[in-house]
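J.: sequence first, predicted model second:
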Amino acid sequence: MSFDRVLKNNNALVEEIGEGNAYLILALALLFEEANPTELASAGLTDGGDDKKIDFIYHDVDARRLIFAQGYFTEKKVDSAPANKASDLNTACAWLVEGKLEIVPEKLRATIASFRQAIDDGEIDAIDVLYVHNLPESINVSRELQTTEGMLRKLVANDNIVIKGYELGKPRVEHLYSARDSHIAIADSIYFPYEPELTEAGNKWKASIATVSGDWISDLFVKYGDDLYSANYRGFLGADRRKKVNSGIRDTAENAPNDFWVFNNGITVLTNGISKKGSRLSLNGISVINGAQTTGSIGSVDRAKSDLGKVRLICRIVECQDQETVEQIVKFNNTQNVITTWDQFSNDQDQKRIADEFNEIGFSYNRKRGFVGDGDQIGIEQVLQPLLAYHGRSTDAVRGKNQLFLVKQLYRNAFEAKKARHILFVHTLSRAIDNLRLDLKKKSTEEELINIENAQLALLKNLNFKPFLINVVANSLETIVGQRCDSLTTGFKPDAAKGRSLVDLTARWIPVVETFLPLLTPHVEPETFFRLHSNDDQFIVQVKKTMDAMLVATNAKDKLSEFAKMVAAT
């Protein structure tokens with residue numbers, strides 16, 4: 001299946017935000033392995049009109065990364081995307097870092113302020129600047145992005161932050177999509193001028209160990225760049241002063257090359273196989289699965305000043321084509337990397353049970369991380385935060401997903417003994433909130449928002465508000481349903497969920513969210529907003545009392561009677 005087919009399969013997203021924005025969001029979701037494009041769109045798309053050349057702006061808490069992008073989409077058959085759209089990113093950079101907040105458009109003010117605060121607080125390791133389009137990449141665009149990259153580096157003036165500009169054109173997007181399951185994006189035959197000194201074999205793999213030189217590593221890095229790490233959960237993070245460990249690796253390569261072999265642990269590469277013609281060995285495809293920082297640091301050495309031929313290091317070559325085995329090899333070669341934290345749960349008994357239950361009611365539950373392409377799947381990483389919020393842990397739900405999977409009690413709170421119908425119930429509520437936020441953004445772009453909707457959108461843009469709103473709905477849902485609702489078990493009735501799509505079930509929640517949000521908004525004043533950062537039980541209880549009274553006063557139970565019929569309270 002091509003990426004164009006992915007775009008067509010996400011027709012609900014296309015209808016919601018338009019084909020151009022949908023292409024932008026799906027391409028970014030693919031690049032950053034985000035499983036929930038709708039949530040990404042809801043959180044990151046700007047409202048349009050006076051957006052200071054920023055189409056998308058997003059803080060990836062887990063990756064400690066800021067992302068902002070400009071998009072371009074056309075049906076015309078032309079050779080390249082307009083370079084002036086890439087140069088617009090210079091304007092975006094200036095507003096991101098230097099523009100006076102009092103003259104920043106109100107719709108971007110809070111977001112840009114939080115970006116700057118994250119940079120000042122040392123919470124950012126990388127800033128990615130992207131130009132995403134559906135045309136071939138070009139040299140002119142690449143040059144503009146290099147200019148933008150350099151300008152932003154000067155504006156940020158922080159050597160600890162890696163800044164990269166990317167052109168993500170259609171060929172690159174298709175390449176990422178086709179390589180997402182193979183793990184090895186580089187399919188070339190790679191000359192391997194070394195003789196393996198030790199070999200081992202397992203049921204579905206073979207491995208060899210050899211000593212390789214720094215110049216061979218450098219050649220690979222220069223030629224292939226980030227593609228070299230397609231099977232690695234974390235690519236090269238930068239050298240120089242940006243990363244002390246990487247800087248140390250590079251210093252060793254430059255100043256103590258003869259000791260590099262004993263100072264460094266070496267690298268592990270994955271290949272589809274090793275072929276031999278006479279005495280010449282070749283690797284059939286390659287990806288570095290352990291040692292991204294070593295290869296990148298060696299690759300950043302100035303070869304005009306240092307002889308990398310003197311640098312020697314251990315290289316372990318793993319041959320494997322069985323996808324399940326490859327996933328395990330990659331996982332266990334990266335155990336130090338928190339990005340893999342939810343992978344350890346993919347074979348958990350609760351997860352297997354949940355997947356089976358979802359299958360019984362006609363839904364696909366993905367136990368592994370990352371981009372899936374099909375908009376009607378439900379993934380482990382999509383449901384964790386909403387489940388915690390619904391169960392009363394709205395403050396915990398604001399944390400990055402990686403952090404949450406590291407805390408066993410939070411994992412158990414979300415999944416242990418939870419039924420698929422309950423997870424589906426909470427997940428579609430979360431999707432409904434995302435869709436409502438997108439609708440409000442669209443109205444903002446068209447300058448059709450009334451005052452209370454402006455206030456609602458301002459709340460929804462805040463990172464802390466969505467989990468809080470989910471918690472509020474959970475606390476007061478029994479007023480709608482007319483009976484006690486256990487927040488740990490409430491779900492759709494079996495006959496209500498079966499045979500319906502995610503879009504259908506999400507739409508059933510929309511009237512509920514549209515009822516709760518206007519009633520809640522006047523009671524969350526700016527001075528109390530910071531209280532959403534903590535689990536303030538007294539505040540939650542007071543909000544519940546207020547919401548229950550308002551729901552009764554507005555006859556919400558009657559308005560939402562059809563939804564109530566779908567709910568199993570326990």
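T.: Yep, that arrived.
J.: what is the longest strand seen in the chain packed up against?
T.: Using DSSP state E to define each element, the chain has its longest strand at strand 280-290. If contacts are counted by 3 or more C-beta pairs under 8 Å, 6 or more residues apart in numbering; DSSP states H and E, strand 280-290 sits against strand 186-192, strand 267-271, strand 274-277. C-beta: built from backbone N, CA, C; applies to glycine.
J.: report the angle between the helix or strand just after it and strand 267-271.
T.: Per DSSP states H and E, strand 280-290 leads on to helix 292-299 as the next helix or strand towards the C-terminus. Note on geometry: by axes from the mean of the first three to the mean of the last three C-alpha atoms, to 10 degrees, helix 292-299 and strand 267-271 are set 100 degrees apart in direction.
J.: what helices or strands is helix 292-299 leaning on?
T.: Contacts of helix 292-299 with other secondary structure elements, assessed using 3+ C-beta pairs under 8 Å, 6+ apart, are made with helix 214-224, helix 244-255.
J.: mean confidence for the last one?
T.: Looking at helix 244-255 alone, the average pLDDT works out to 78.
J.: go through that helix and flag the buried ones.
T.: Of the residues in helix 244-255, those scored as buried under the neighbour-count criterion (16 or more other C-beta atoms under 10 Å) are 246-247, 249-250, 252-254.
J.: again, but for stretch 488-502
T.: 488, 490-492, 496-497, 500, 502.
J.: can you tell me which of the residues you listed are in strands?
T.: Using DSSP E, the buried residues of stretch 488-502 in strands are 491-492.
J.: for the buried residues of stretch 488-502, which one is nearest residue 12?
T.: The shortest separation between residue 12 and any of the buried residues of stretch 488-502 is 8.5 Å, and it belongs to residue 502 (by C-beta to C-beta).
J.: quick check, the closest one in contact with residue 378.
T.: Yes: with contact taken as C-beta atoms under 8 Å, residue 502 and residue 378 are classed as touching, separated by 7.3 Å.
J.: now stretch 131-144: buried residues?
T.: Residues of stretch 131-144 classed as buried: 131-135, 137-138, 140-142, 144 (neighbour count, 16+ other C-beta under 10 Å).
J.: which ones among those are found in strands?
T.: The strands, defined by DSSP E, take in 131-133 from the buried residues of stretch 131-144.
J.: can I get those residues in a markdown table with pLDDT?
T.: Output for these, formatted as a markdown table (pLDDT from 0 to 100):
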| residue | pLDDT |
| --- | --- |
| 131 | 94 |
| 132 | 95 |
| 133 | 95 |
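J.: dump those into JSON lines; add distance to residue 399 as well.
T.: Converted to JSON lines, those look like this (distance: C-beta to C-beta, whole Å):
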{"residue": "131", "distance to residue 399": "31"}
{"residue": "132", "distance to residue 399": "28"}
{"residue": "133", "distance to residue 399": "34"}
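J.: which one of the helices and strands packed on strand 280-290 lies nearest to residue 547?
T.: Evaluated with C-beta to C-beta, these place strand 267-271 nearest to residue 547, the distance being 53.1 Å.
J.: what does the closest one rub up against?
T.: Contact partners of strand 267-271, identified using C-beta atoms under 8 Å, 6 or more residues apart in numbering, comprise 183-184, 190, 217, 231, 283-291, 294-295, 313-320, 326, 329-330, 333.
J.: for the record, mean pLDDT for that strand?
T.: This predicted structure assigns strand 267-271 an average pLDDT of 92.
J.: sorry, back to before: now the buried residues of stretch 131-144 as a markdown table including distance to residue 278?
T.: Rendered in a markdown table, the data for those read as follows (distance: C-beta to C-beta, whole Å):
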| residue | distance to residue 278 |
| --- | --- |
| 131 | 46 |
| 132 | 46 |
| 133 | 46 |
| 134 | 45 |
| 135 | 44 |
| 137 | 38 |
| 138 | 41 |
| 140 | 44 |
| 141 | 43 |
| 142 | 39 |
| 144 | 47 |
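J.: noted, bye for now.
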